[in-house]
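J.: turn this into a model:
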Amino acid sequence: MIPQDKIDALIAKFEKVEAAMASVTKGEEIVRLSKEHGELKPVAERARELGSIRRQMRELEELAGGADREMAAIAYDELQSLKEKAPQVEMDLQLMLLPKDKADDSSVILEVRAGTGGDEAAIFAGDLFKMYQRYAGLQGWRVEVLSASEAEKGGYKEITATVSGDGVYARMKFEAGVHRVQRVPETETQGRIHTSAATVAVLPEPEEVDIVIEDKDLRIDVFRASGPGGQSVNTTDSAVRITHLPTGVSVSQQDEKSQHKNRAKAMMILRARLYDAERARVDAERSAQRKGMVGSGDRSERIRTYNYPQSRVTDHRINLTLYNLDEVIRGDALHEFVDALTTQDRVERLAALNAGV
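T.: Numbers count the residues shown, from 1 in each chain. You can find the predicted model right below:
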């Protein structure tokens, strides 16, 4: 049970920020306070609701024990209704008060790669990327392709992009993993259903201070960019490969004609991969205490299946199945999985917190 003094403190903190917004004039301070106000408002509203329910329950308990039997009966009924409502409101507030992942507000680097399944896997990788593009657009986020390797029959062997906006990682992080598709490919002449896969990586874009990369730990190679079949598409050494020597992580970038731009993009991807690897290491240590794939960053297992013949999409982590595949793959209904996964993660973290894990 959340102590009443904590509820009062939450409301007081929100009212203090609200009062400060009315008097501040500096641009940077206005932005900071506006962000804090936006984060605190739903928490304060739920805290007020819980506080109001508790006050009403105390008043109704007195009336229910009074001499006026008719009034006592009415008060008793209202009291039972509030007793049923209070636990859910308190649970909602507890979920809101859970510590946030510091990366949740970050933009991300999204990587989609064709897995098993040949041409069909590449086409599916393209479908997934379009799904995320559409979903990002609906959230008001900006998508910029960093590099892409197109497949001959359509789709991508792999594609990497930045997705920029507020709270992108918080909404996208549960998409990381192996996505499986079951459908009849366009190239299939006998109508047989094929199973293919694509992998999705969602890397929080770190700030410069989040991870330090020493120049001495880098090997930078430059070479001429090549197109399909290995043919040269540039007469200068504009392509860049950067290798982080301590970890062996390597990133190549050749989409830009400028070596400087390719190097900047490669460093951004390298920084994100190293940051993600460090987060995964910490997650692995925690997972010995708290099992479960949701929120773990583990991309080693199949997380979702898209079954076209049955118009069915199943997320295996939370056993959620929806029969609106077309809407999901368009990106219009992806939020249904995102919302469910986010809620499940919060419930699991709350349970772990209450258990002292």
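J.: okay, and residue 273 sits in which element?
T.: helix 259-287 (DSSP states H and E).
J.: can you identify the element that follows that helix toward the C-terminus?
T.: Next element after helix 259-287 (DSSP H and E): strand 302-307.
J.: what packs against the helix holding residue 273?
T.: strand 108-114, strand 142-150, strand 194-204, strand 239-244, strand 249-253 (3 or more Cβ pairs under 8 Å, 6 or more residues apart in numbering; DSSP states H and E). For every residue, glycine as well, the C-beta is placed using N, CA and C.
J.: just want the angle from the helix or strand that the third one is followed by to strand 249-253.
T.: Proceeding C-terminally, strand 194-204 gives way to strand 218-223 as the next helix or strand, assigned by DSSP H and E. Compare the direction of strand 218-223 with that of strand 249-253 by axes from the mean of the first three to the mean of the last three Cα atoms, to 10 degrees and you get 30 degrees.
J.: quick one: residue 258 and residue 149, what's the gap?
T.: Applying Cβ to Cβ, to the nearest Å, the value for residue 258 to residue 149 is 20 Å.
J.: likewise residue 23?
T.: Residue 23 is 54 Å from residue 149, by Cβ to Cβ.
J.: the more surrounded of those two?
T.: Remark: of residue 23 and residue 149, residue 149 carries more neighbours, 15 against 7, as counted by other Cβ atoms under 10 Å.
J.: the more buried one is in contact with residue 159, isn't it?
T.: Yes - contact criterion Cβ atoms under 8 Å: residue 149 and residue 159 qualify, at 7.2 Å.
J.: tell me which residues touch residue 25, please.
T.: Applying Cβ atoms under 8 Å, 6 or more residues apart in numbering to residue 25 gives no contacts.
J.: buried sites along the helix or strand residue 72 falls within?
T.: Element membership for residue 72, per DSSP H and E: helix 69-96. Of the residues in helix 69-96, 72, 75, 78, 79, 86, 89, 90, 92, 93, 94, 95, 96 count as buried by neighbour count, 16 or more other Cβ atoms under 10 Å.
J.: and the lowest-mean-pLDDT helix or strand in the chain, how far from the chain's centre?
T.: In the chain, no helix or strand scores lower on mean pLDDT, DSSP states H and E than helix 259-287, which sits at a mean of 78. Mean-position distance between helix 259-287 and its chain equals 16 Å (Cα atoms, centre = their mean, to the nearest Å).
J.: equivalent analysis for stretch 238-253, please.
T.: Worked out by Cα atoms, centre = their mean, stretch 238-253 lies 26 Å from the chain centre.
J.: what's the span of that stretch from first residue to last?
T.: 9 Å (Cα to Cα, to the nearest Å).
J.: tell me which residues are up against that stretch.
T.: Against stretch 238-253 from outside (Cβ under 8 Å, 6+ apart): 146-147, 213, 217-226, 254, 256-259, 262-263, 265-267, 269-270, 273-274, 277.
J.: could you do stretch 47-56 as well?
T.: With Cβ under 8 Å, 6+ apart, stretch 47-56 has contacts from 2, 4, 7-8, 10-11, 78, 82, 85-86, 89-90, 93.
J.: which parts of it are buried?
T.: Buried residues in stretch 47-56 (16+ other Cβ under 10 Å): 47, 49, 50, 51, 53, 54.
J.: how far does it sit from its chain's centre?
T.: 32 Å.
J.: again with stretch 107-121
T.: 17 Å.
J.: do the same with stretch 156-176
T.: With Cα atoms, centre = their mean, you get 8 Å for stretch 156-176.
J.: swap in stretch 61-80?
T.: 47 Å.
J.: for it, measure first residue to last.
T.: End-to-end for stretch 61-80, by Cα to Cα: 10 Å.
J.: before we move on, the earlier item: would JSON lines of the buried residues of helix 69-96 with pLDDT and distance to residue 173 be doable?
T.: Shown next, in JSON lines, are these (pLDDT from 0 to 100; distance: Cβ to Cβ, whole Å):
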{"residue": "72", "pLDDT": "91", "distance to residue 173": "52"}
{"residue": "75", "pLDDT": "91", "distance to residue 173": "47"}
{"residue": "78", "pLDDT": "94", "distance to residue 173": "42"}
{"residue": "79", "pLDDT": "93", "distance to residue 173": "42"}
{"residue": "86", "pLDDT": "93", "distance to residue 173": "32"}
{"residue": "89", "pLDDT": "92", "distance to residue 173": "27"}
{"residue": "90", "pLDDT": "91", "distance to residue 173": "27"}
{"residue": "92", "pLDDT": "87", "distance to residue 173": "22"}
{"residue": "93", "pLDDT": "90", "distance to residue 173": "23"}
{"residue": "94", "pLDDT": "87", "distance to residue 173": "21"}
{"residue": "95", "pLDDT": "83", "distance to residue 173": "17"}
{"residue": "96", "pLDDT": "84", "distance to residue 173": "18"}
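J.: want to throw those residues into a markdown table with distance to residue 180?
T.: Shown next, in a markdown table, are those (distance: Cβ to Cβ, whole Å):
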| residue | distance to residue 180 |
| --- | --- |
| 72 | 60 |
| 75 | 56 |
| 78 | 51 |
| 79 | 51 |
| 86 | 42 |
| 89 | 39 |
| 90 | 39 |
| 92 | 34 |
| 93 | 38 |
| 94 | 35 |
| 95 | 31 |
| 96 | 34 |
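J.: identify, from those residues, the entry nearest to residue 117.
T.: Residue 117 lies nearest to residue 95 out of these, by Cβ to Cβ, at 38.5 Å.
J.: residue 330 and residue 134 touch, don't they?
T.: Yes - the pair residue 330 / residue 134 is scored as a contact, 5.9 Å apart, by Cβ under 8 Å.
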